[in-house]
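Asks: predicted model follows, preceded by the sequence.
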2 protein chains.
Amino acid sequence: MPVSLKDVASVAGVSIKTVSNVVHDYPFVRPTTRARVQKALDDMGYRPNFSARRLRNGRSGTIALSLPELTPYFSELAELVVMAAEERGLTVLIDRSGGERTHERRVAGGIRSNLTDGTIASPLAMTAEDVENLRDGHPIVLLGERLSHVGVDHVAIDSVAAARAATEHLLDLGRSRVAALGTARRPAGTVALRQRGYEQALRARGVRPERSLHGDVELFHRCDGYDAVHRLLAARSDVDALFCFNDLLAFGALRALRECGRRVPDDVAVVGFDDVEECTYSIPPLTSVAPDKPAVAEAAVGLLVLRMSAELPVEPREVFPPYRLVARESTVGG
Amino acid sequence: MPVSLKDVASVAGVSIKTVSNVVHDYPFVRPTTRARVQKALDDMGYRPNFSARRLRNGRSGTIALSLPELTPYFSELAELVVMAAEERGLTVLIDRSGGERTHERRVAGGIRSNLTDGTIASPLAMTAEDVENLRDGHPIVLLGERLSHVGVDHVAIDSVAAARAATEHLLDLGRSRVAALGTARRPAGTVALRQRGYEQALRARGVRPERSLHGDVELFHRCDGYDAVHRLLAARSDVDALFCFNDLLAFGALRALRECGRRVPDDVAVVGFDDVEECTYSIPPLTSVAPDKPAVAEAAVGLLVLRMSAELPVEPREVFPPYRLVARESTVGG
DNA sequence: CCCTTGTTCTACAACGTTGTAAACACAGCC
DNA sequence: GGCTGTGTTTACAACGTTGTAGAACAAGGG
């Protein structure tokens, strides 16, 4: 039995609008009236009805965060997005899209339909067309580098440069047979960029990229890294370094390497990507590319707020938050 | 510029209600009319306005999942809750409460106010009173064993029995100086239950619990486990087993043990709690108490749906999903 | 032909909120 | 007393939706 403005109004003996005015700290309310209304408000435990507000003024104060999965990196990012949004008085609706295209469409389409004022999405399976179609007027900010050609706001670290730095770090250690873990037969999006950075680094040192040093995967989970490393070592037992396209792959790799009797970093040096908290505690601790996650979250929310409050269409913007390579024992020894 | 029923109606040349009837598959619509309306619906890209629906019929089809943090266990659980809710046509709004009392109140109070139809909460800092006060009519299901005395639906594994089983597992391995990691000076909620199970197991084997085998922590993060183990080993270098109240503590412990030159499980056997995915890939893989997470999620959503659809007050129910101990190399060797 | 029954469609009200505009009270001033 | 201005309060409409009630029409039975 929720309490409405009407209920409060009748108890306080004023009009609905006056109660609304008190709730919103409208200045022209007589102090005595304000006190009386406030008391009724408190006594009755009034809570505004967000649906009605939203219906009335077209804003819900809620944004959607659509993530393919709640893996560690996305979880850490989600925490930061929630905090950044909170500072702006926004509530975040976290949606796990599962990376299935249909569902992601539903988010950008269905949920946005009046539940949220905007969406921050990390699209795994949406095409540029999907985004274009479903956006129509609904503010969207994309996380990650896919679809960068679409006219949409965009937040992503420079994956090519970061991947290149990670690979160079391994080369600097004197490793020459650096494998890439996370490649794909038909690389797209993030995979393509990291793969490019990896190859750039090799070529810059005069090392020829070899297909046999690719560890192809379907997904970016621990088990994919684990399986791929077993396959990789079977084919190329001389691998002496591993650049993993994300940390989960690296954790799977660490385990597989151990099972194959390779010491890390002595026999094989390993670098990950994302710098999730687990990196500090894995054995050995994992060297990783650390995107400035607070900056990513802040930029995403900031861009979205901007776009939500924009009256006129705004030129799509791209933000490239900083990153750095955090060297730990998986490359530089104990 | 969202499309409303009115817009579609005027294009299709029918009344608003007829469009609504088509949208809802109301049977008494002439096929020709239905086709005409459906075409307009599709052409114009009509999307229902959830706020208006919610306002009109008091249901939003959204439930809140309020978690203290997006740590691995909660992330895995959240995924399952989202899936369980999806099967029932519900959208989940994940809210990271941060474990701060004020915020958790806001969720059970503020957000519930008409954004969601119900709340699944894992309360860390709410008192029984808080829950009682803020519930009033709003369906709530609690995860975890705190506040079990409150008249609220409740889903939690039998923490005492599970903790006891974990401790017994260590004792069965012949360990006699089993430390508990995650204790508190003033144990409450989950901590108190797991501590009780731990002590029950010891006493059942005629082992006297010792205060010096407690590893007190503030929080349940990796770093807390790490710090506590360093302190513990400084005080009691004879520890030969470690029962950690959650997996993150255990991961911190694994690292600290390694730094102190203890081999796992040879010198110290380690058991965790929650069985997060990371357990399979840690080095060594971590023995852990594995709650049936899908069952937990299913039960929570099921109870909530029941309560949401209940006309009359329903007797509060408690569900205890099963759990099992998954033995891995951190206790049973490589 | 009227009456009933069934199908198809519509008008209206209401959910709770807030912006607009206007009403009202009461100063101070000509 | 009428005017202007300022402060305080209110009535009304509208946001998009759906339940209720009933209108309009056709078919079938007496």
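Replies: Thanks, I have it.

Asks: whatever residue of the stretch 201-334 of chain A ends up closest to DNA strand D: neighbour count?
Replies: As assessed by Cβ to the nearest atom of the strand, DNA strand D sits closest to residue A:308 within the stretch 201-334 of chain A, at 17.4 Å. To be clear about C-beta, it is placed using only N, CA and C from the backbone, and glycine gets the same treatment. By the criterion of other Cβ atoms under 10 Å in any protein chain shown, residue A:308 has 16 neighbours.

Asks: now do the one 10 residues further on
Replies: Applying the criterion other Cβ under 10 Å, we find 14 residues in the vicinity of residue A:318.

Asks: try residue A:41
Replies: Around residue A:41 there are 19 residues (other Cβ under 10 Å).

Asks: equivalent analysis for residue A:22, please.
Replies: Counted with other Cβ under 10 Å, residue A:22 comes out at 23.

Asks: for the one helix or strand it maps to, which positions count as buried?
Replies: Using DSSP states H and E, residue A:22 sits within helix A:16-23. For helix A:16-23, the neighbour count (16 or more other Cβ atoms under 10 Å in any protein chain shown) marks A:18, A:19, A:21, A:22 as buried.

Asks: over to stretch A:186-197?
Replies: A:187, A:189, A:190, A:191, A:192, A:193, A:194, A:195, A:197.

Asks: parallel or antiparallel, which strands does the host helix or strand of residue A:289 pair with?
Replies: Assigned by DSSP H and E, residue A:289 belongs to strand A:287-291. Strand A:287-291 has its sheet partners listed here by DSSP bridges as strand A:269-273 (parallel), strand A:323-326 (antiparallel).

Asks: list the contacts of it.
Replies: Strand A:287-291 has contacts (Cβ atoms under 8 Å, 6 or more residues apart in numbering or on different chains) with A:157, A:162-163, A:165-166, A:169, A:247, A:250, A:269-276, A:279, A:321-332.

Asks: pull the residues that contact stretch A:193-206.
Replies: A:145, A:159-168, A:171, A:178, A:180, A:182-183, A:187, A:208-209, A:243, A:245, A:273.

Asks: on that earlier part again, with respect to residue A:79, which of the buried residues of helix A:16-23 is nearest?
Replies: Among the buried residues of helix A:16-23, residue A:22 lies closest to residue A:79 (Cβ to Cβ), at 35.5 Å.

Asks: I'd like the average pLDDT over the host helix or strand of residue A:243.
Replies: Following DSSP H and E, one finds residue A:243 within strand A:241-244. Average pLDDT, strand A:241-244: 98.

Asks: by contact count, what packs against it?
Replies: The contact analysis (3 or more Cβ pairs under 8 Å, 6 or more residues apart in numbering or on different chains; DSSP states H and E) places strand A:241-244 against helix A:159-172, strand A:178-183, helix A:247-259, strand A:269-273.

Asks: separation between the closest residue to residue A:327 other than its chain neighbours and residue A:209?
Replies: In space, and not counting its chain neighbours, residue A:327 is closest to residue A:287: 5.0 Å by Cβ to Cβ, 6 or more residues apart in numbering or on different chains. Distance, residue A:287 to residue A:209, using Cβ to Cβ, to the nearest Å: 21 Å.

Asks: okay, the two: which has more neighbours?
Replies: residue A:287 (27 against 15).

Asks: against residue A:330, how distant is the more buried one?
Replies: Residue A:287 is 5 Å from residue A:330, by Cβ to Cβ.

Asks: residues shared between the contacts of these two?
Replies: A:269, A:270, A:271, A:272.

Asks: does the third one touch residue A:170 like I think?
Replies: So the one you mean is residue A:271. Yes: contact status for residue A:271 versus residue A:170: in contact at 6.1 Å, counting by Cβ atoms under 8 Å.

Asks: higher neighbour count, these two?
Replies: residue A:271 (30 against 27).

Asks: how near is the nearest residue to residue A:320 once chain neighbours are set aside to residue A:191?
Replies: With Cβ to Cβ, 6+ apart as the criterion, residue A:320 has its nearest non-adjacent residue at 5.3 Å, and that residue is residue A:158. Taking Cβ to Cβ as the measure, residue A:158 falls 15 Å from residue A:191.

Asks: and residue A:23, by the same measure?
Replies: On the measure of Cβ to Cβ, residue A:23 and residue A:191 end up 51 Å apart.

Asks: what does the stretch 201-334 of chain A put close to chain B?
Replies: By the rule Cβ under 8 Å from any Cβ of the partner chain, the part of the stretch 201-334 of chain A lying against chain B is A:222, A:226, A:251-252, A:254-255, A:258, A:277-278, A:280-283, A:285.

Asks: same thing but at 7 Å, please
Replies: Neighbours of chain B within the stretch 201-334 of chain A, by Cβ under 7 Å from any Cβ of the partner chain: A:222, A:251, A:252, A:254, A:255, A:258, A:277, A:278, A:281, A:283.
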